[in-house]
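**Student:** mind folding the following:
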Amino acid sequence: MATSHRGRGFKHKRFAIYVWRPDREGGGAKTRKSRRTLELPKLAAQALRQHHVGQAAQKLKAGEAWQDHNLVFCTNVGTPLDASNVRRAFRKITKQAGLGTAWSPRELRHSFVSIMSDQGIPIETIADLVGHAGTSVTEAVDRHQLRPVITKDAQTMNTIFGDSGHR
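**Tutor:** Just a heads-up that it's a prediction; the model follows:
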């Protein structure tokens, strides 16, 4: 699903994901506001190029068993992934990264929103990026503060009273 702004494929300088008609039960995007085109960062485009090369090798290895569904992410024989396999693979990745196995792919959305917010990106921009009609769901559901206010208050108190290293 990662395609360039000028068509499918990987021979482009800029890439985007078109969130217009996602494959979801019941049809297209949830709301008109959730339909959007998102340019991919260079690092993500590079990772997708590498993935594409690996997938070509996978296709050769599968031979006649390969079923071409034109998917970016698929099984070893080209068929769609099911949700339980995605969750299992994701838990394996988080475990290898030292994060444990309690994570789910949905938390990537929360992490994205939280990191963008922590970097000072306006909540309206973040809501647009994640396809929310307004900011309330973005603030209430997806955003989790990374640096609590109490930390900033403690730093201020240390500055006022000095940080003598005593506890």
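
**Student:** show me the helices in this protein, by range?
**Tutor:** For the chain, the helices defined by DSSP state H occupy 42-62, 83-96, 106-118, 123-130, 136-137, 149-161.

**Student:** out of those, nearest to residue 68?
**Tutor:** Of all those, helix 42-62 sits nearest to residue 68, with 7.9 Å by CB to CB. Just so you know, the C-beta spots here come from the backbone N, C-alpha and C atoms, and that holds for glycine as well.

**Student:** tell me how many other residues surround residue 132.
**Tutor:** Other residues lying near residue 132 total 22 when counted by other CB atoms under 10 Å.

**Student:** my guess is residue 68 meets residue 78, correct?
**Tutor:** Yes: counting by CB atoms under 8 Å, residue 68 touches residue 78, with 5.5 Å between them.

**Student:** neighbour count winner among the two?
**Tutor:** residue 78 (17 against 10).

**Student:** I figured that one hits residue 64, correct?
**Tutor:** No: counting by CB under 8 Å, residue 78 sits too far from residue 64 to count as a contact (11.3 Å).

**Student:** alpha carbons of stretch 40-56, as CSV, please.
**Tutor:** What follows is stretch 40-56, C-alpha atoms only, in CSV (Å, rounded to 0.1, in the frame of the first residue of the first chain):
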residue,chain,number,x,y,z
LEU,A,40,6.2,8.8,4.3
PRO,A,41,9.5,9.9,6.0
LYS,A,42,12.6,8.9,4.2
LEU,A,43,13.5,6.3,6.7
ALA,A,44,10.2,4.5,6.3
ALA,A,45,10.5,4.7,2.5
GLN,A,46,14.0,3.2,2.7
ALA,A,47,12.7,0.4,5.0
LEU,A,48,9.9,-0.3,2.5
ARG,A,49,12.4,-0.5,-0.4
GLN,A,50,14.4,-3.1,1.6
HIS,A,51,11.3,-5.0,2.4
HIS,A,52,10.3,-5.0,-1.3
VAL,A,53,13.7,-6.6,-2.2
GLY,A,54,13.2,-9.2,0.5
GLN,A,55,9.7,-9.9,-0.7
ALA,A,56,11.0,-10.5,-4.2
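
**Student:** now that stretch: buried residues?
**Tutor:** By 16 or more other CB atoms under 10 Å, the buried positions in stretch 40-56 come out as 40, 45, 48, 55.

**Student:** just the pLDDT at the residue nearest to the first one when sequence neighbours are not counted, thanks.
**Tutor:** In space, not counting the residues next to it along the chain, residue 40 is nearest to residue 15; the distance is 4.5 Å by CB to CB, 6 or more residues apart in numbering. What the model reports for residue 15 is a pLDDT of 78.

**Student:** now residue 154
**Tutor:** 63.
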